[in-house]
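# Test case, fold it:
(one chain, ligands or ions: 2)
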Amino acid sequence: MTRDEIDALDAADPLAPMRARFALPDGVIYLDGNSLGALPRDTGAAMADMVSRQWGDRLIRSWNEGWIDAPTRLGGKIAPLVGAATDEVIVGDSTSANLFKALVAALRIDPARRVVVSEAGNFPTDLHVAEGAVACVPGAMLKVVPRGEVLAALGPDTAVLMLTHVHYKTAERFDMPSVTATAQAAGAVMLWDLSHSAGAVAVELDAANADLAVGCTYKYLNGGPGAPAYLYVARRWQERLASPLSGWMGHAAPFAFADGYEPAPGMKRWLAGTPPMLAMAALETGLDLWASVDRAAVWAKSAALWRIMAAAGEAAGLECVTPADAAARGSHISFRHPDAHALTQALIERGVIGDFRDPDVLRLGLTPLYLSHRDVWQAGEILGEIVRSGMYREERFGERLAVT
Ligand SMILES: Cc1ncc(COP(=O)(O)O)c(C=O)c1O
Ligand SMILES: Nc1ccccc1C(=O)C[C@H](N)C(=O)O
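Residues are numbered from 1 along each chain as shown. Ligands and ions are numbered 1, 2, ... in the order given. All right, here's what the predicted structure looks like:
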């Protein structure tokens, strides 16, 4: 594509005004919003209000002025982004903690079903938490198989199939409706991790008849570092499942201060402790940005940005490990290269921030809310220059960072 064609795409982009809603540093093309989303301009003021007015002035009265309902209110704001009803999503804890709650609850449905099936190479926390969850349920075990074998691994002993919808490394996307149907036909419950999906691609949990889902909010939802995660429980499960982390905020009447636990109706039972209100304030600002956004335009732009970077990678002779079919991938693009770490560092030196995924993947996040077509095109030009010049082989790019 020529630069004029790229500029024409930006001129016609209905999402172009969203760029001004984010505070991005000058001289940086940020292609890591799939790891830590950018800072919305309104977040600072919202947090200042939270600190000085809500906490400082209103003090404990704030719990009755919007705080106590924040987990369900924010869940309701995430719901349309994942194709759920507002009363099927709650915000709280981390994705890891929500995975644990969902897995143990699913393992308790039927004592004859004791196996959690998942994909080798899934995001590590999913597998690590599953290891921990099966250790808490007598007789339970984890079966991790290659991606192409997950459906064949389902059997009469499978309690739950746990998969990440869009793969963190390759961006490969499972077909949610058909995988969910296959798991359920085998008698298993389907648990999706939507961390790389929500805000990046269309997700229709209810239409796919999903059972359980979790996801993080600090990537495409721009909630801030370590922002609270979310949990989805399909309505038909809500009165049948209970959280193994039976804390007082999930009690039917927390302020009755009873000794015995009685789960709250609906999604509130999945809360454990007190919601982190400072973090919730930042997250709510990120979520509110989505209210006015045409989601179909976001999914279409994700695909268009991807094609621009794919063309640049191809021109530079890079091996793309992300599927070309837009329906079979998420919003990021990954290239395999033996010097992927050095390439990532060289890009960062040139102002293009992407990331490296061990052992050999350069991963570039293409967030449609705040990236222009020109940004992605320019990043692609810089990537081509770096590859062709071989400058990434210079010694200074050899040092490994602790957090990549
Ligand atoms: C698929 C997936 N699951 C879970 C997580 C993270 O979980 P947590 O927020 O608990 O660290 C990530 C990324 O951080 C992820 O990519
Ligand atoms: N939470 C983090 C903290 C520090 C550095 C990265 C992360 C990520 O979120 C990584 C991301 N989940 C990934 O798909 O690689």
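# right, and A346 touches S389 too?
No - the criterion here is Cβ atoms under 8 Å, and A346 misses it with S389 at 9.2 Å. Quick note: C-beta positions are derived from backbone N, CA and C, even for glycine.
# what helix or strand is the closest residue to T43 other than its chain neighbours on?
Leaving out its chain neighbours, the residue that sits closest to T43 by Cβ to Cβ, 6 or more residues apart in numbering is T285, at 4.5 Å. According to DSSP states H and E, T285 maps onto helix 277-291.
# mind listing what's buried in that helix?
M277, A279, M280, A281, A282, L283, E284, T285, G286, L287, L289, W290 (16 or more other Cβ atoms under 10 Å).
# Show me which residues of the stretch 1-150 of the chain are close to ligand 2?
Residues of the stretch 1-150 of the chain that fall close to ligand 2, judged by Cβ under 6 Å from any ligand atom: S35.
# mind listing the strands in the stretch 1-150 of the chain by residue range?
22-23, 29-30, 39-40, 89-91, 115-119, 141-145 (DSSP state E, counting those that start in this stretch).
# Any idea which of those gets closest to ligand 1?
Closest to ligand 1 of the strands of the stretch 1-150 of the chain is strand 115-119 (Cβ to the nearest ligand atom; 10.9 Å).
# Go through the chain and flag its longest helix.
Assignment by DSSP state H gives helix 295-315 as the longest helix of the chain.
# Quick one: mean pLDDT over that helix.
Helix 295-315 comes out with an average pLDDT of 97.
# by contact count, what packs against that helix?
strand 319-320, strand 332-336, helix 373-389 (3 or more Cβ pairs under 8 Å, 6 or more residues apart in numbering; DSSP states H and E).
# quick one: strands adjacent to the second one?
Paired strands of strand 332-336, with direction, are strand 319-320 (antiparallel), strand 361-365 (antiparallel) (DSSP bridges).
# May I see the buried residues of the last one?
Put plainly, it is strand 361-365. V361, L362, R363, L364, G365.
# got the contact list for whichever residue of the stretch 251-400 of the chain sits closest to ligand 2?
Among all residues of the stretch 251-400 of the chain, R357 sits closest to ligand 2, at 6.4 Å; criterion: Cβ to the nearest ligand atom. Neighbouring residues of R357 by Cβ atoms under 8 Å, 6 or more residues apart in numbering: Y168, K169, S334, A340, R363, T404.
# Please apply the same query to A346.
I386, M391, Y392, E394, F397.
# neighbours of the first one, just the number please.
Right, I386. Residues lying near I386 (other Cβ atoms under 10 Å) number 21.
# which residues touch it?
Neighbours of I386 in contact, by Cβ under 8 Å, 6+ apart: L343, A346, L347, R350, Y392.
# does P276 really touch P228, like I thought?
Yes - between P276 and P228 there is a contact at 6.4 Å, judged by Cβ under 8 Å.
# So for the two, which sits in the more crowded spot?
Using other Cβ under 10 Å, the more surrounded residue of P276 and P228 is P228, with 26 against 16.
# how close does that one sit to ligand 1?
Distance of P228 to ligand 1, computed by Cβ to the nearest ligand atom, to the nearest Å: 9 Å.
# can you list contacts of stretch 292-311?
Stretch 292-311 has contacts (Cβ under 8 Å, 6+ apart) with 1, 6, 9, 13-15, 18, 80-81, 199-202, 320, 322, 324, 326, 329-331, 333, 364, 366, 368-369, 371, 373, 376-377, 379-380.
# Give me the buried subset of those.
6, 9, 13, 15, 18, 81, 199-202, 320, 322, 326, 329-331, 333, 364, 366, 368-369, 371, 373, 376-377, 379-380.
# does stretch 345-357 come close to ligand 1?
No - figure legend: stretch 345-357 not in contact with ligand 1 (Cβ under 6 Å from any ligand atom); closest approach 10.3 Å.
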